[in-house]
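In: here are the coordinates; sequence isn't available:
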């Protein structure tokens, strides 16, 4: 595709250059020719006053010799015989033939005759006797084509520069189109081989950018579906423990005998298989961190977009909103849909569990090896932050699903970060999302680094509800 685009650009540019350069070169040549003959006609007309006054040979010889063309042997004067039987007067070096001279006298206007080495300009001049004399000026071939070669070289250089520039631009455009397509194909191949963290940078032409967005969304859905499937398998397997316990107790009461022993062995084997299923489902978590060059999203852009969405509801409820740290792009190795889901979960908590009019804010801090997103509110706070981060705990108390903070936690941990709940400067809860940029730091390690905002006070105790997820 890239080389096809280069070939098309090369062919089109060559056609355009030929279409314009060839006619322009011919025009330049014709202009040089007209300029040379115009100058020659002007110089030849300089003898007209002399011929109008006298036709004496000596006087004409002097007049011809005083001119630059006469001194160079390029000027001649042809005066017809004034009386019958007298010889015509010829001064200077003659190059034109009798037929050309006769034609010039008959037409009464200047003409050009081709002669060896160049051209002869024949300028007719009326004499006092009524006859017509002809002034002949020789124009060398080099003077007619003076400057043409240089102009053609310039045109050729411009044409070559246009062709090279067109090919270079077409090559860059081809790379801009081909590379996103190659990345998309490579990510699709990786996803097909089971590397679920494969994502495509959302860049390039609009069509390929839309395809990249659709692919990333599809990959995120696949990851989520697999996670849900594993969680469901683990939950269903866990529910089998109760009836298995009953079976084991009943098998223990069967007494001795081959049938009883076989029953107890089968129950034990079934318990082991269920344990294996639960451990496998819990441990085999799909990779959710975006990978590949340029993968991930702009956290600042996502925060601005989600705050625009929630600001309408905040305005209706009279809530003051503050956003900071989103003036410049902040790239993070997290897929855009995951960050959107995490922010929506946290902002949804603020609206569900704080009174109308409660202020909240989002701050984005960009460090060398981590990005911190702080979601703070002026509510009552969370009584038990550790319990709120445990999956399902909040749901057991207030009827929520308990998955929101779990979504935030899993997103942060996929990058080597963590999630902490503390007391905000607004007086309520502060949820700190630590997103690692290199994927090597764990949450506990990151929490001891110097990127923690100075205004954050951990370990706040409030009375706010346990967060919904």
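Out: It's in. Source: prediction; values computed, not measured.

In: For the rest of this, base every contact and every neighbour count on C-alpha atoms.
Out: Noted.

In: Can you show me the helices along the stretch 351-469 of the chain?
Out: Secondary structure of the stretch 351-469 of the chain (DSSP state H, counting those that start in this stretch): helices at 385-389, 393-398, 404-413, 443-446.

In: average model confidence for the last one?
Out: Going back to what we said before, that points to helix 443-446. On average, the pLDDT along helix 443-446 is 38.

In: Likewise for the third one?
Out: Averaging the model's pLDDT scores along helix 404-413 yields 80.

In: can you check stretch 47-54 too?
Out: Averaging pLDDT along stretch 47-54 yields 81.

In: residues making contact with that stretch?
Out: By Cα atoms under 8 Å, 6 or more residues apart in numbering, the residues outside stretch 47-54 that reach it are 60, 63-64, 125-128, 133, 135.

In: Quick check: which of these has the minimum pLDDT.
Out: Out of the contacts of stretch 47-54, that is residue 128, at 74.

In: on contacts alone, who are the packing partners of the host helix or strand of residue 11?
Out: Counting by DSSP states H and E, the element that carries residue 11 is helix 2-44. In terms of contacts (3 or more Cα pairs under 8 Å, 6 or more residues apart in numbering; DSSP states H and E), helix 2-44 is packed against strand 118-126, strand 132-140, helix 141-144, helix 148-192.

In: looking at these, which is closest to residue 10?
Out: Evaluated over the helices and strands packed on helix 2-44, closeness to residue 10 peaks at helix 148-192, with 5.9 Å, by Cα to Cα.

In: The helix or strand harbouring residue 227 vs helix 148-192, what angle?
Out: Here residue 227 sits within helix 206-239, counting by DSSP H and E. Relative orientation of helix 206-239 versus helix 148-192 (axes from the mean of the first three to the mean of the last three Cα atoms, to 10 degrees): 10 degrees.

In: helices or strands next to helix 206-239 in the packing?
Out: Checking 3+ Cα pairs under 8 Å, 6+ apart, helix 206-239 ends up next to helix 148-192, helix 258-283, helix 336-353.

In: mean pLDDT lowest for which of these?
Out: Among those, helix 258-283 scores lowest, at a mean of 73.

In: State the next helix or strand along the chain beyond that one.
Out: strand 297-298.

In: tell me which residues in stretch 150-170 are buried?
Out: Neighbour-count burial for stretch 150-170 flags 152, 155-156, 159, 162-163, 166-167, 170 (criterion: 16 or more other Cα atoms under 10 Å).

In: let me fix that: stretch 305-325
Out: Neighbour count says stretch 305-325 has 307, 314, 319, 321, 323, 325 buried, by 16+ other Cα under 10 Å.

In: would you turn the helices and strands packed on helix 2-44 into TSV with distance to residue 44?
Out: Below are the helices and strands packed on helix 2-44 laid out as TSV (distance: least, Cα to Cα, whole Å):
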stretch	distance to residue 44
strand 118-126	7
strand 132-140	6
helix 141-144	16
helix 148-192	24
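
In: Name all residues that make contact with the most centrally placed residue in the chain.
Out: The centre of the chain sits closest to residue 204, judged by Cα atoms, centre = their mean, with a distance of 5.4 Å. Contact partners of residue 204, counting by Cα under 8 Å, 6+ apart, are 176-177, 180.

In: Against residue 183, how distant is it?
Out: 11 Å (Cα to Cα, to the nearest Å).

In: what do you get for residue 160?
Out: Distance of residue 160 to residue 183, given as Cα to Cα: 34 Å.

In: ok, the closest residue to residue 326 other than its chain neighbours - contacts?
Out: Spatial nearest neighbour of residue 326, excluding adjacent residues (Cα to Cα, 6 or more residues apart in numbering): residue 300 at 4.4 Å. Listed by Cα under 8 Å, 6+ apart, the contact set of residue 300 reads 325-330, 364.

In: For those, pick the one with the most neighbours.
Out: When neighbours are counted by other Cα atoms under 10 Å, residue 364 leads the contacts of residue 300 with 21 neighbours.

In: pretty sure it contacts residue 372?
Out: Yes - look at residue 364 against residue 372 with Cα atoms under 8 Å: they come within range, at 5.8 Å.

In: re earlier: among the buried residues of stretch 305-325, which one has the lowest pLDDT?
Out: By pLDDT, residue 314 ranks lowest within these, coming in at 88.

In: what sits against that residue?
Out: By Cα under 8 Å, 6+ apart, the neighbours of residue 314 are 320-321.

In: How far off centre is the helix or strand where it lies?
Out: Per DSSP H and E, residue 314 falls inside helix 299-316. Helix 299-316 sits 27 Å away from the centroid of its parent chain (Cα atoms, centre = their mean, to the nearest Å).

In: Just the angle for it relative to helix 336-353, thanks.
Out: Going by the same axes, to 10 degrees, helix 299-316 makes 30 degrees with helix 336-353.

In: Summarise which helices and strands the helix or strand following helix 299-316 is packed against.
Out: Next along the chain after helix 299-316, taking DSSP H and E as the criterion, comes strand 321-324. Judged by 3+ Cα pairs under 8 Å, 6+ apart, strand 321-324 is in contact with strand 360-366.

In: Can you tell me what sits against the strand it packs on?
Out: Strand 360-366 has contacts (Cα under 8 Å, 6+ apart) with 300, 319-326, 330, 350, 371-378, 426, 453.

In: could you measure residue 53 against residue 133, distance?
Out: From residue 53 across to residue 133, the span is 13 Å (Cα to Cα).

In: again with residue 95
Out: Per Cα to Cα, residue 95 is found 16 Å from residue 133.

In: Tell me which residues of stretch 423-434 come out buried.
Out: Residues of stretch 423-434 classed as buried by neighbour count (16+ other Cα under 10 Å): 423-424, 427-434.

In: In strands, which of those residues appear?
Out: Among the buried residues of stretch 423-434, DSSP state E puts 423, 429-434 in strands.

In: related to what we said a few turns ago, may I ask which two of the contacts of stretch 47-54 are separated the most?
Out: With Cα to Cα as the measure, no two of the contacts of stretch 47-54 lie farther apart than 64 and 128, at 19.1 Å.
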